[in-house]
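*Asks:* my questions concern the predicted model and sequence given below.
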Amino acid sequence: MGPQTDVTAPASRRVARRVRGMPTSDGAGVRLTRVIGTPTLPDLDPFLMLDEFGSERPGDYIAGFPDHPHRGFETVTYMLDGRMRHRDNHGNEGVLVPGSVQWMTAGRGLVHSEMPEQVEGLMRGFQLWINLPARLKMTAPRYQEYAPERIPSVAAGPGVRAKVIAGAVAGVRGPIEAEATDPTYLDLCLDADAAYGHAVPAGHNAFVYVFEGAARVGADDAQRVVKGELAVLADGTRIDLRADGAPARVLLLAGRPLREPVAKYGPFVMNTMDEIRQAVEDLRAGRF
């Protein structure tokens with residue numbers, strides 16, 4: 001008998017649960033939808049929060065996010081439409097334009113603002129919070145801004161294009177790398193009934209969020225996930241999805257869980273409440 005070939009197919013991740021975001025406001029009254037960071041889905045290690053913002057009404061966003069502190073995690077802002085100016089107390093400044101990404105490592109602490117650069121028109125995008133491991137929570141703050149042309153757009157299959165923010169598609173890597181959590185962050189545009197499968201490491205937590213159209217997620221037991229729904233995925237080595245009858249747009253994210261204690265207090269995410277109290281004391285003493 002000749003040599004055997006392993007023809008075992010990758011284990012397609014099934015939908016473990018579906019959740020919808022809840023309307024809320026943040027900053028100086030910016031209206032948004034919180035998808036991760038709610039009582040229904042407090043976090044999905046290492047992801048701490050996912051906010052979607054989108055409005056053509058200036059009153060929903062014009063007040064922006066004036067100066068506020070962060071410590072102990074990273075924020076990723078992905079703009080789809082509109083313009084937002086970032087400033088922080090470490091001398092960093094930039095303008096997020098449609099298609100751009102800001103990756104900010106708060107580390108041991110900074111104070112920053114995010115303010116609209118427009119007084120009318122559509123403002124739309126996402127902000128994601130990613131935890132840092134204990135050994136990096138007090139690292140030096142860092143700010144990275146990537147213009148739209150630095151975010152690769154890849155033909156990922158028939159009728160599928162992927163904007164690669166982090167991770168890789170068809171051998172093309174996105175600009176963002178974070179060793180501790182090894183994140184994948186894709187914006188997938190699928191034509192009607194187009195299908196896509198993406199390999200992910202077993203053990204990484206993963207989700208898909210549909211923000212246009214609807215998609216079927218999974219293989220044999222695929223579930224329909226509609227606009228505004230996030231699907232938390234069970235473990236496996238592959239994520240399969242298909243646009244359901246019409247074009248769809250989907251965020252696909254995965255990351256290595258840290259499996260560390262999480263202590264949260266507003267804009268601070270540490271491992272213990274003593275560290276939270278120290279963060280508050282350091283902010284009041286001007287040590288950020």
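*Replies:* Received the coordinates, thanks.

*Asks:* contacts, neighbours, all on C-alpha from now
*Replies:* Noted.

*Asks:* immediately after the helix or strand encompassing A206, which helix or strand?
*Replies:* Using DSSP states H and E, A206 maps to strand 205-212. Where DSSP H and E defines the elements, the next helix or strand beyond strand 205-212 is strand 214-217.

*Asks:* mind exporting that next one as PDB, just the C-alpha atoms?
*Replies:* What follows is strand 214-217, C-alpha atoms only, in PDB (Å, rounded to 0.1, in the frame of the first residue of the first chain):
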ATOM      1  CA  ALA A 214     -26.100  39.500   5.400                       C
ATOM      2  CA  ALA A 215     -23.700  36.400   5.400                       C
ATOM      3  CA  ARG A 216     -23.900  32.800   6.200                       C
ATOM      4  CA  VAL A 217     -21.200  31.900   8.600                       C
END
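
*Asks:* who are the packing partners of that strand?
*Replies:* Contact partners of strand 214-217 among helices and strands, from 3 or more Cα pairs under 8 Å, 6 or more residues apart in numbering; DSSP states H and E: strand 223-226, strand 238-243, strand 248-255.

*Asks:* can you list the strands that it pairs with?
*Replies:* Each strand paired with strand 214-217, and its direction, by DSSP bridges: strand 223-226 (antiparallel), strand 238-243 (antiparallel).

*Asks:* one step back: buried deepest among the helices and strands packed on strand 214-217, which one?
*Replies:* Most buried of the helices and strands packed on strand 214-217 by mean neighbour count (mean count of other Cα atoms under 10 Å) is strand 238-243; its value is a mean of 25.

*Asks:* can you list contacts of that strand?
*Replies:* Strand 238-243 is contacted from outside by 10-13, 190-201, 213-219, using Cα atoms under 8 Å, 6 or more residues apart in numbering.

*Asks:* export only the CA atoms of it, formatted as CSV.
*Replies:* This file holds the C-alpha atoms of strand 238-243, laid out as CSV (Å, rounded to 0.1, in the frame of the first residue of the first chain):
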residue,chain,number,x,y,z
ARG,A,238,-10.9,28.1,9.4
ILE,A,239,-13.6,30.7,9.1
ASP,A,240,-16.0,30.2,6.2
LEU,A,241,-18.6,32.7,5.1
ARG,A,242,-20.8,33.5,2.1
ALA,A,243,-22.7,36.6,1.2
